[in-house]
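**Q** Please find the sequence and the predicted model below.
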Amino acid sequence: MSNTSFSSLNLPDALISNLNDLGYNSMTDIQAQALPAILAGKDVIGQAKTGSGKTAAFGLGLLAKLDVKYFRVQTLVLCPTRELADQVAAELRKLARSIHNIKILTLCGGVPIGPQIGSLEHGAHIIVGTPGRVIDHLDKDRLRLDDLTTLVLDEADRMLEMGFQADLDAVIAKAPAARQTLLFSATYPNAIAKLSERLLKDPLQVTVAEQHNTSSIQQQFFQVSDNHARLSALRALLLQYQGQSSMVFCNTKRETQDVADALLGYGFSVLALHGDMEQKDRDQTLVQFANGSACILVATDVAARGLDISSVDAVFNYQLAHDADTHTHRIGRTGRAGQSGIALSLFTAADAGKLIPLEDGLGIKIDAAELPAVDIATLKPAKPLMATLQLDGGKKHKIRAGDIVGALTASKQLTNDDLGKIQLHDIWSFVAVKRTAVKLALQLIQQGKIKGKSIRARAL
């Protein structure tokens, strides 16, 4: 965190006032270094990890110059995944609370296209989306970029890794040449350097170290003989260290699902997250893990990128990451905000080729630790404290979080302390309740009314 105040910037008074209301006082390093140039209209390359405050850096820049009276698409933000796009759009809406009649629209794959077409017909100021779905709308002439003044590429390295190069080129070809381009990337490989050379004009390059301090993370590496031993080792380590919230990283989608299934068979509270899942299932998985209804999330690097999940108790690398940057990004899920964290990694003799680059990149010497002796008969998997209810009503039904809280607490059989995170989507909502109160909560929703209507609900 820098000591520079937002009030030192040439930002509209309404934005400054809203930042004060949000409790955003001092800028993060990426904001302090990038925002003056962004506000001056310069192209910027920002190398910063998730959680560095980069969304507010480009968000404040584009909101400061937005002409809300001109109802055309003035900004396009491209993200690698729907989860990140939703997260970015939510942050932009929060930053834009003081700007009346602003419309921010998300355009992502994995959801029905019909409602997006309807929304586009009504116009928007800011589009946040994934490259594939954005180019789909552009090709059908449902979206036009003639009035675009700012193009933002968020987590550009991941977009290239996921094979979006052609879609990116197609989108850029339809954008005006006279525009401001902002590129943010956790890493800066050759492919990003080449992309930057083509897209940006005389950019300012800002590099910010990771916001969390990896010295607060206790790292250990364990050598195992084969994949069967790998799974047994993971089980033992989870029993010893898992806590209420842990992430297990795998390198392939198939492996992710297999490991999650195996852990479920051992009695763990576990969910899988990977690219072969339906979007609806991915949404439910993220909701349940983020609100404490599941203790373990097994994920691939691509699926876990940019997730809005606060610090976890421990990270387990079922297989070593392919490079030091990815390893650092994985373990950065723990040990945040001054808390201590645990990162435990498994490897076999076949992984020898990965160890030296990891040692060089991390600046550490990797020595194999001895696996803990765990009595499987006496140590039991942790159980989640919360459970999740899904309600068949959401933003399109004008339901607000307060309406759900009211329905659950009106009888005074439940209090606010029995409730956790509430997440509203277009046609459904999710509410976390204490596991001990889930049956009562379900009964209260099913027997009561929200906004004068009966709402169906079920426990996930």
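**A** Cool, the structure landed. Because the structure is a prediction, the values reported are computed rather than measured. Residues are numbered from 1 along each chain as shown.
**Q** For the stretch 1-150 of the chain, just list every one of the helices.
**A** 13-22, 29-39, 54-65, 82-95, 114-121, 131-139 (DSSP state H, counting those that start in this stretch).
**Q** same deal with the stretch 151-300 of the chain?
**A** With helices called from DSSP H, counting those that start in this stretch, the stretch 151-300 of the chain shows them at 156-161, 165-173, 190-199, 227-241, 253-265, 279-290.
**Q** Surely L358 touches A324?
**A** Yes - assessed by C-beta atoms under 8 Å, L358 is found in contact with A324 at 5.5 Å. All C-beta atoms are positioned from the backbone trio N, CA, C, and that covers glycine.
**Q** Which one of those two is surrounded by more residues?
**A** L358 (22 against 18; other C-beta atoms under 10 Å).
**Q** Let me know the secondary structure of that one.
**A** Here L358 is helix, with the state taken from DSSP: H, G, I helix; E, B strand; the rest coil.
**Q** Look up how far I366 lies from it.
**A** For L358, the distance to I366 (C-beta to C-beta, to the nearest Å) stands at 7 Å.
**Q** same deal with Q31?
**A** Plainly put, Q31 is 35 Å away from I366 if you go by C-beta to C-beta.
**Q** quick one: which of those two has more around it?
**A** A side-by-side neighbour count of Q31 and I366, using other C-beta under 10 Å, places Q31 first with 31 against 18.
**Q** In contact with the more buried one: list those residues for me.
**A** S2, G53, A56, A57, L60 (C-beta atoms under 8 Å, 6 or more residues apart in numbering).
**Q** how close does it sit to K449?
**A** 45 Å.
**Q** can you give me phi and psi for V405?
**A** Backbone torsions for V405, taken as degrees, to the nearest 10, come to phi -60, psi -40.
**Q** Can you give the domain ranges for the chain?
**A** 6-207, 214-362, 386-459 (automatic domain parsing).
**Q** ok, what's across the strand from G129?
**A** Per DSSP bridges, the residues bridged to G129 are L78, L107.
**Q** same question, A314
**A** Going by DSSP bridges, A314 forms beta bridges with S246, I342.
**Q** Please report how far it lies from R333.
**A** 9 Å.
**Q** same check, this time on L239
**A** 20 Å.
**Q** Low-confidence ranges, this protein, go.
**A** Scanning the chain with the threshold set as pLDDT under 70 gives 1-3, 50-51, 209-215, 305-308, 310, 336-339.
**Q** Give me the neighbour count for K140.
**A** 11.
**Q** now do P36
**A** Using other C-beta under 10 Å: P36 sits among 17 other residues.
**Q** List the contacts of the nearest residue to it once chain neighbours are set aside.
**A** Of all residues not flanking P36 in the chain, L9 sits nearest, at 6.8 Å (C-beta to C-beta, 6 or more residues apart in numbering). L9 sits next to L35, P36, L39, L60 when contact means C-beta under 8 Å, 6+ apart.
**Q** now, the most widely separated pair of these?
**A** Farthest pair in the contacts of L9 (C-beta to C-beta) is P36 and L60. Separation: 11.1 Å.
**Q** So the residue sitting furthest away from the middle of the chain: helix, strand or coil?
**A** Within the chain, A377 marks the point farthest from the mean C-alpha position, 36.6 Å out by C-alpha atoms, centre = their mean. Secondary structure, three-state DSSP: A377 is coil.
**Q** Would you mind measuring from it to A272?
**A** In terms of C-beta to C-beta, A377 sits 27 Å off from A272.
**Q** next one: Y241
**A** Distance, Y241 to A272, by C-beta to C-beta: 20 Å.
**Q** higher neighbour count, the two?
**A** A272 (26 against 16).
**Q** Could you pull up the residues touching the more buried one?
**A** Here A272 is in contact with T256, Q257, V259, A260, D261, T285, L297, V298, A299 (C-beta under 8 Å, 6+ apart).
**Q** Any idea how many residues pack against the third one?
**A** V259: 23 surrounding residues under other C-beta under 10 Å.
**Q** Tell me how far it lies from E161.
**A** From V259 to E161 the distance is 22 Å (C-beta to C-beta).
**Q** so what secondary structure elements neighbour the helix or strand hosting F430?
**A** Taking DSSP states H and E as the definition, F430 sits inside strand 429-434. If contacts are counted by 3 or more C-beta pairs under 8 Å, 6 or more residues apart in numbering; DSSP states H and E, strand 429-434 sits against strand 386-391, helix 401-409, strand 419-424.
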